[in-house]
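In: For reference, the sequence and a predicted model appear below.
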There are 10 protein chains.
Amino acid sequence: MDPILSKSAAADLVVAARLRRGLSWSDLAGEIGAPVVWTTAALLGQHPMTAEQAERVCRMLGLDETVAESLRRQPTRGTDPALLSDPTIYRFAEALAVYGPALKELIHEEFGDGIMSAINFRVGFARRPDPDGDRVVVTFDGKFLDYRW
Amino acid sequence: MDPILSKSAAADLVVAARLRRGLSWSDLAGEIGAPVVWTTAALLGQHPMTAEQAERVCRMLGLDETVAESLRRQPTRGTDPALLSDPTIYRFAEALAVYGPALKELIHEEFGDGIMSAINFRVGFARRPDPDGDRVVVTFDGKFLDYRW
Amino acid sequence: MDPILSKSAAADLVVAARLRRGLSWSDLAGEIGAPVVWTTAALLGQHPMTAEQAERVCRMLGLDETVAESLRRQPTRGTDPALLSDPTIYRFAEALAVYGPALKELIHEEFGDGIMSAINFRVGFARRPDPDGDRVVVTFDGKFLDYRW
Amino acid sequence: MDPILSKSAAADLVVAARLRRGLSWSDLAGEIGAPVVWTTAALLGQHPMTAEQAERVCRMLGLDETVAESLRRQPTRGTDPALLSDPTIYRFAEALAVYGPALKELIHEEFGDGIMSAINFRVGFARRPDPDGDRVVVTFDGKFLDYRW
Amino acid sequence: MDPILSKSAAADLVVAARLRRGLSWSDLAGEIGAPVVWTTAALLGQHPMTAEQAERVCRMLGLDETVAESLRRQPTRGTDPALLSDPTIYRFAEALAVYGPALKELIHEEFGDGIMSAINFRVGFARRPDPDGDRVVVTFDGKFLDYRW
Amino acid sequence: MDPILSKSAAADLVVAARLRRGLSWSDLAGEIGAPVVWTTAALLGQHPMTAEQAERVCRMLGLDETVAESLRRQPTRGTDPALLSDPTIYRFAEALAVYGPALKELIHEEFGDGIMSAINFRVGFARRPDPDGDRVVVTFDGKFLDYRW
Amino acid sequence: MDPILSKSAAADLVVAARLRRGLSWSDLAGEIGAPVVWTTAALLGQHPMTAEQAERVCRMLGLDETVAESLRRQPTRGTDPALLSDPTIYRFAEALAVYGPALKELIHEEFGDGIMSAINFRVGFARRPDPDGDRVVVTFDGKFLDYRW
Amino acid sequence: MDPILSKSAAADLVVAARLRRGLSWSDLAGEIGAPVVWTTAALLGQHPMTAEQAERVCRMLGLDETVAESLRRQPTRGTDPALLSDPTIYRFAEALAVYGPALKELIHEEFGDGIMSAINFRVGFARRPDPDGDRVVVTFDGKFLDYRW
Amino acid sequence: MDPILSKSAAADLVVAARLRRGLSWSDLAGEIGAPVVWTTAALLGQHPMTAEQAERVCRMLGLDETVAESLRRQPTRGTDPALLSDPTIYRFAEALAVYGPALKELIHEEFGDGIMSAINFRVGFARRPDPDGDRVVVTFDGKFLDYRW
Amino acid sequence: MDPILSKSAAADLVVAARLRRGLSWSDLAGEIGAPVVWTTAALLGQHPMTAEQAERVCRMLGLDETVAESLRRQPTRGTDPALLSDPTIYRFAEALAVYGPALKELIHEEFGDGIMSAINFRVGFARRPDPDGDRVVVTFDGKFLDYRW
């Protein structure tokens, strides 16, 4: 009996198949009727898929049941810190280092003592045309949770 | 001749005066006509203020010229990593660990090889009413920069 | 204008006054009608107190308004990692290293994909008599939050 | 002669077999008549099993003697720190960072100078129904050990 | 279906083929009509190549389509910190530790609050003859980006 | 007898005096007839000044002999790693992570086995006008040293 | 009201007084009738003293009540990792790196699954004459605790 | 020609053979007439064995010449820091954190400026019966070496 | 086409062949007429060999062309920090921690502002007979390089 | 009663007095008849001085009894790792990273299993004239200690 294909090995196969078949992340998200950021994160190993989602995606990508089994599995979430220094990802970390304490102040001022949930949470991604150069717009949208004993 | 008051010492004085006078970050932002996330970050030491901005804020808070001089000074930006484990800030770091690689994939798919600028950049903060509990909505909005030799 | 007394400086004064006056943490919790773990954590700088709580505690301990002001202030939460190697605290970290992955498995099996909230959360502390030696019983009790997009 | 299958390789096989056969951790615990947290931790590699426990579990899961041999072996305990940042596990670490020093104070106040044992120790896991959302209840229950020269 | 050859595995094959065929980095850069620093970095895995660039380089080196596919792929950029202590690379890091704060001061004095872009950026490499020993001349040339909200 | 004023305390006084008197780094470099990058680095504590240089700079800035004594002293060189994450400095570190291995390859190809000296070394700083936005041009120029037993 | 003198500040005063009065650690241990390793560790801040022990030691050393109060206080135990690289302490750490896994094997072989307690524990220190050079003999003597659910 | 089997691979084979044949570490030590702590450490890869020792041990365990060759090889000593957090080993590290500075003081008081050698050194392991629970007794016995220029 | 054998894999083969053939490092150094420290370092992967050196060494050791190709290749220099805690290597690191700042002072006093080159540099190794025990004598001999702009 | 002046504070006073009085490290070593590397290290806080050495040095430097008391005290040895990246000190660390494993091989080949003592140890420092540029020659000379149980 074999262990389940690891989430990162499954992600490598998904990425390769996606490129070879010329499919976009949006195509994959459309296939399963889920938001594109959620779908991309799930295929990279950060969310478990339902059996149906995994099956449809694997059929579209020409991947077999071992990949689908891995996609269904509950993940251990997180990213290797080494990858966070990739320049495209690092700019988000830099923004957090510059604006994190300000966001904390504003959350407390507006909502009181508590946090923005990262679990009851969604992330939006959009391109906004701009004559000075189009813009990446990423929205973090989480339920406020107050410290409650 | 004395050294300039450090940015963090100035921030401590701003925070104390703000609480004692009962002023909100929005009040301070309104006084200088600047966005509230920018103003909060600047007063916490992450952006230099103009002479007029610094003077108006210090007058409103009852702080003297040594604070204003510090607020005008060019900062060394960043946050002590120890503070990033405060739960209110940490949720943003966790979101980045879960969604960072997905955002990288989507930026490249939509825009090509490049990054979201963290310099030509603004951060929005809003409260969105929701019957299941109001939500914190934070928007990162940066110009796309393509790798260009 | 002076900055606010830091949370850790206030905690040092609380601890000293408590010992000199011979008051227990339970006495202090009783005075403000709050749970003892919450009260202890708050006085050590991990939760903000209401104005009335801070005033009553400071009166009981013979501490002045600068301490009360600090106790009311919104904290940056967390503990210096060096303190986590104190043997009394370390045993909890060791238990987490041994049982953390098992707890993750059981949460997912019982509740699905999500977490135990550390915000909508309470901690119980009790002594349980046992003929083989009394036992420390600590209960973590947090609302389940499911990953919800 | 081959080395013994590593504890983590055995755990991967257990997890895969468990999912494929549709068995819960409770089913496995029931089979060997042991508490579910202990059983889960042991199967993930944190406790040695007796020969009989290992044999029964492997029979139920359809795994062979090489897995049983690994399950019987004395473990080196602990968890890769990278896994501790998985959100479901991290909330326990966050609770420790917020409440650890308070628990230390209360242990010393109630019991004197000493620790809660993490060896003579058990962990309870339960779901508590709550109209505002069911709760995860985890109990750490360890014998008090006083510093004794 | 196989995963795509990793960027580092492709780089190892490029380096081996280059040495065995006696080709210089300049030869490879010339073949694709691109700057030599850019070409070297791309072949070491730091930039994606176009399909034509990848094909020409692989033909010149006698490498097959799996390498070309890898060279075309979007990279995760960065270098293992262990490699940064190689003496030839470390001298650049040392120069940054000695001159970094001075460069920051001069950028702010000359341009105002902002940064040198590392994206709209090129690196030059030259040998400058000198009677006291020839010199390595490396030029960092990036567009100034001002902090702009 | 007092210890010598630390290099960082002297740098703080230099920076404050420079801003209050409205002098540029170039003004200070001009006063002592030294290159501007060298002068800025020396005043920030990375190079010892001659007695005459220290005296002239302190006279221009209105600083006393204790500062001059500190500026003459042999430094321990380097920068607190925390400062290297300031965005303006970080872009140089990022460039090194992206291009460091390529520069190593090119140095070896052109010069053989050895390094660019960071001691027999100078750094140039210039602004280059460009219709698409002016550019920061930084030149690292060091003598090649071959590994020689 | 002042905070309690920190344990490390009290230890500095004890060490200074001990040297100036020419008292040995054994003299101090003799005064309070306690083992010398325990006494030394307690005076360096690792164990709380009883009121009588603290008073007798402080009288012998000519130190006042503020030191005695600190010596009575419950410590946070542990040593700054930087001090562990002092060569005299480091040799113990090196011995642990070389023999730690062997001791683990032997504890399990002899006692079963469990640990040597570091709480119900004593440390002996002796000089053993030897014609080839006298020897330092340090004994760790702790109660065996078996893993017991 | 193959590289020599690594010390850790050899140790894995020794551990497996020992368990399968039901031999104790003492049996192995007896076979070669060496102390049991030394023998265990050597078989785990921390000391080189003589050709005769390696041969006798491998014969007893049914292991071949490739293991014997590895056991004879000069080791690079030390333990992966991750293993030092295993609870059974960690208690020794904790004891060192609590008593290390006290042992340093006592070594200097008794012997002068110097160290306990970890090279001219032996470790004893014993079980001491005790009505309150048997005890683990570990003795570190090293030659004193004085700092001698 | 295969990648080049890594430097560390080649070193493992060299070490194994050396032991099996009973050749000393001096024998190998003698064969190529190079200093023994240089030769040993080169064979462990820290210096590139000439084609002739690599060929002669491989012939003497019975290793094939793939090893020789690896030995000729330009290395990335440095040692895994984990290996630096081997006791035999660590003593050099400890000596540097104890004497490093003193050597810096003496270099500056004798030569002015600059460094000992680690590139134009050689290391000597010798055994010096001594009636109290023979001594290891290691000499670092590097050209002084003055900071020169 | 005051604590003893710390070793690093004493070193700062020694360094300042030495510069102001124009004395070299050799002058100070000559005054006490001790080797110059030893004397410099001792005055920087790495070795205890005898009462007479401390008194003579302090008289020569015009420093008072509090400095002499500190110089006599037993040190905790070692250097802040941040200082080890100063370029003048770093070159020694780099040499160790490049040649450390080779020195280990040669020590074992020449002497057997053991180490060069860093305690029965001396360091020599010399300038060797050379027409191509004078050289820094540093000699590490330590007694060989064989692993001896």
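Out: Noted; the coordinates are in hand. Remember, it's a predicted structure, so these values are computed and weren't measured experimentally.
In: Please name the bridge partners of A:Phe140.
Out: Assessed by DSSP bridges, A:Phe140 has beta-bridge partners A:Val123, B:Val138.
In: Count the residues that sit near it.
Out: Residues near A:Phe140, counting by other CB atoms under 10 Å in any protein chain shown, number 23. (C-beta placed from N, C-alpha, C; glycine too.)
In: And it, how far from G:Thr76?
Out: 37 Å (CB to CB, to the nearest Å).
In: cool, A:Leu145 as well?
Out: 31 Å.
In: Compare those two and say which is more crowded by neighbours.
Out: Per other CB under 10 Å, whichever of A:Leu145 and G:Thr76 has more neighbours is A:Leu145, with 26 against 18.
In: Report the secondary structure element holding the closest residue to the more buried one other than its chain neighbours.
Out: In this structure, A:Leu145 finds its nearest non-sequential neighbour in C:Ile119, 4.6 Å apart by CB to CB, 6 or more residues apart in numbering or on different chains. Element membership for C:Ile119 (DSSP states H and E) is strand C:114-128.
In: just the angle between that strand and strand A:114-128, please?
Out: 170 degrees (axes from the mean of the first three to the mean of the last three CA atoms, to 10 degrees).
In: Just confirm yes or no for the longest helix along chain A near chain D.
Out: Longest helix of chain A, by residue count under DSSP state H: helix A:87-111. No. In terms of CB under 8 Å from any CB of the partner chain, no part of helix A:87-111 sits within range of chain D; the closest distance is 14.5 Å.
In: list the helices and strands that helix packs on?
Out: On a contact count with 3 or more CB pairs under 8 Å, 6 or more residues apart in numbering or on different chains; DSSP states H and E, helix A:87-111 meets strand A:114-128, strand A:135-146, helix B:25-32, helix B:36-43, helix B:87-111, strand B:114-128, strand B:135-146, helix F:87-111.
In: Got the domain ranges for chain A?
Out: Taking automatic domain parsing as the domain assignment, the record places the domains of chain A at A:7-72, A:82-146.
In: most centrally placed residue in chain A?
Out: Within chain A, one residue has its C-alpha closest to the average C-alpha position: by CA atoms, centre = their mean, that is A:Ala41, at 2.9 Å.
In: Surely it is in contact with B:Gly100?
Out: No. Using CB atoms under 8 Å, A:Ala41 is not in contact with B:Gly100, being 9.3 Å away.
In: now the domains of chain A in JSON lines, with distance to D:Val136 and mean pLDDT?
Out: Compiled in JSON lines, the domains of chain A are given as follows (distance: least, CB to CB, whole Å; pLDDT from 0 to 100):
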{"stretch": "domain A:7-72", "distance to D:Val136": "19", "mean pLDDT": "98"}
{"stretch": "domain A:82-146", "distance to D:Val136": "13", "mean pLDDT": "98"}
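In: Indicate which one of those is closest to J:Ser24.
Out: domain A:82-146 (46.1 Å; CB to CB).
In: Kindly reformat the domains of chain A as JSON lines containing distance to H:Ala29.
Out: As requested, the domains of chain A are exported to JSON lines (distance: least, CB to CB, whole Å):
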{"stretch": "domain A:7-72", "distance to H:Ala29": "44"}
{"stretch": "domain A:82-146", "distance to H:Ala29": "44"}
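In: Tell me the spacing between A:Arg21 and A:Met60.
Out: According to CB to CB, A:Arg21 stands 8 Å off from A:Met60.
In: Then A:Ala82?
Out: Applying CB to CB, the value for A:Ala82 to A:Met60 is 31 Å.
In: If you count surrounding residues, which of the two has more?
Out: The residue with more neighbours, out of A:Ala82 and A:Met60, is A:Met60; 17 against 12, by other CB under 10 Å.
In: show me the contacts for that one.
Out: A:21, A:23, A:27-28, A:31 (CB atoms under 8 Å, 6 or more residues apart in numbering or on different chains).
In: now swap in A:Asp134 and tell me
Out: Neighbours of A:Asp134 in contact, by CB under 8 Å, 6+ apart: A:127-128, B:111, B:143-144.
In: The same query, at a cut-off of 6 Å, please.
Out: A:127, B:144 (CB atoms under 6 Å, 6 or more residues apart in numbering or on different chains).
In: ok, now A:Asp146?
Out: A:112, A:114.
In: Enumerate the beta-bridge partners assigned to it.
Out: Bridge pairing for A:Asp146 - DSSP bridges - gives A:Gly114.
In: now it: how far from chain E?
Out: Plainly put, A:Asp146 is 30 Å away from chain E if you go by CB to the nearest CB, to the nearest Å.
In: Tell me which residue of chain A lies closest to chain D.
Out: Chain D sits closest to A:Pro3 of chain A, with a gap of 3.7 Å, by CB to the nearest CB.
In: Hmm, that residue is touching D:Asp12, no?
Out: Yes. Contact criterion CB atoms under 6 Å: A:Pro3 and D:Asp12 qualify, at 3.7 Å.
In: Looking at those two, which one has more neighbours?
Out: Legend: neighbour count by other CB under 10 Å for A:Pro3 and D:Asp12, higher for D:Asp12 (18 against 15).
In: list the contacts for A:Pro87?
Out: Per CB under 6 Å, 6+ apart, neighbours of A:Pro87: B:115, E:77, F:94.
In: how much space between it and chain H?
Out: In terms of CB to the nearest CB, A:Pro87 sits 31 Å off from chain H.
In: A:Tyr90 too?
Out: 27 Å.
In: got the contact list for that residue?
Out: A:Tyr90 makes no contacts at all, as judged by CB under 6 Å, 6+ apart.
In: Next: the one 10 residues further on.
Out: Taking CB under 6 Å, 6+ apart as the criterion, A:Gly100 is in contact with B:79, B:89.
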